[in-house]
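Trainee: when you get a sec, could you give me coordinates for this:
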Amino acid sequence: MGTVGTMSPPDARVTRLARALPLLLAALLALAAVGTVGSAGCDDPARYVSTPDGISLQGGCLKPADIDPLVGDASDHDPMSRRG
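Mentor: Reported below is the predicted structural model:
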């Protein structure tokens with residue numbers, strides 16, 4: 001009986017490269033993430049301050065208007081006002 005579908009053994013260098021490629025890709029992505037976080041710093045870190053109205057976040061790189069979805073015209077957030 002003959003052997004059907006036999007393959008020659010893979011080259012050792014190709015096998016090592018195939019095993020190392022995901023690790024190398026992960027290392028490159030980790031370096032890119034560290035570089036991105038390092039360059040995204042904020043000169044004025046935010047802090048929580050107790051005020052007569054409650055606790056308030058002061059400082060930081062964002063203004064409350066940047067993250068508060070209700071700032072602006074109230075009709076922007078009212079689906080009924082968009083109807084013609």
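
Trainee: next, give phi and psi for Gly41.
Mentor: Gly41 adopts backbone torsions of phi -70, psi 160, taken as degrees, to the nearest 10.

Trainee: make that Ser56, sorry
Mentor: According to degrees, to the nearest 10, Ser56 has phi -130, psi 140.

Trainee: same thing with the one 4 residues further on?
Mentor: The phi and psi torsions at Gly60 (degrees, to the nearest 10) take the values phi 90, psi 180.

Trainee: before we move on, what about Thr51?
Mentor: Backbone geometry at Thr51, expressed as degrees, to the nearest 10, gives phi -120, psi 170.

Trainee: with Ser50 instead?
Mentor: phi -80, psi 120.

Trainee: for it, give me its contacts.
Mentor: Under the criterion of CB atoms under 8 Å, 6 or more residues apart in numbering, the neighbours of Ser50 are Ser56. Glycine gets a C-beta too; all of them are placed from N, C-alpha and C.

Trainee: just the strands from the chain, written as ranges.
Mentor: 47-51, 54-58 (DSSP state E).

Trainee: what is the least confident helix or strand in this structure?
Mentor: Lowest mean confidence among the helices and strands of the chain (mean pLDDT, DSSP states H and E): helix 64-67, at a mean of 66.

Trainee: please put the alpha-carbon coordinates of stretch 23-41 into PDB.
Mentor: This file holds the C-alpha atoms of stretch 23-41, laid out as PDB (Å, rounded to 0.1, in the frame of the first residue of the first chain):
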ATOM      1  CA  LEU A  23       4.400  37.700  19.400                       C
ATOM      2  CA  LEU A  24       6.300  40.300  17.300                       C
ATOM      3  CA  LEU A  25       3.000  41.800  16.100                       C
ATOM      4  CA  ALA A  26       1.800  42.000  19.700                       C
ATOM      5  CA  ALA A  27       5.000  43.700  20.800                       C
ATOM      6  CA  LEU A  28       4.700  46.300  18.000                       C
ATOM      7  CA  LEU A  29       1.100  47.000  18.900                       C
ATOM      8  CA  ALA A  30       2.100  47.400  22.600                       C
ATOM      9  CA  LEU A  31       4.900  49.900  21.600                       C
ATOM     10  CA  ALA A  32       2.400  51.900  19.500                       C
ATOM     11  CA  ALA A  33       0.000  52.000  22.400                       C
ATOM     12  CA  VAL A  34       2.600  53.200  24.900                       C
ATOM     13  CA  GLY A  35       3.700  55.900  22.400                       C
ATOM     14  CA  THR A  36       0.100  57.000  21.900                       C
ATOM     15  CA  VAL A  37      -0.600  57.300  25.700                       C
ATOM     16  CA  GLY A  38       2.700  59.000  26.300                       C
ATOM     17  CA  SER A  39       2.000  61.700  23.800                       C
ATOM     18  CA  ALA A  40      -1.700  62.200  24.900                       C
ATOM     19  CA  GLY A  41      -0.800  63.800  28.200                       C
END
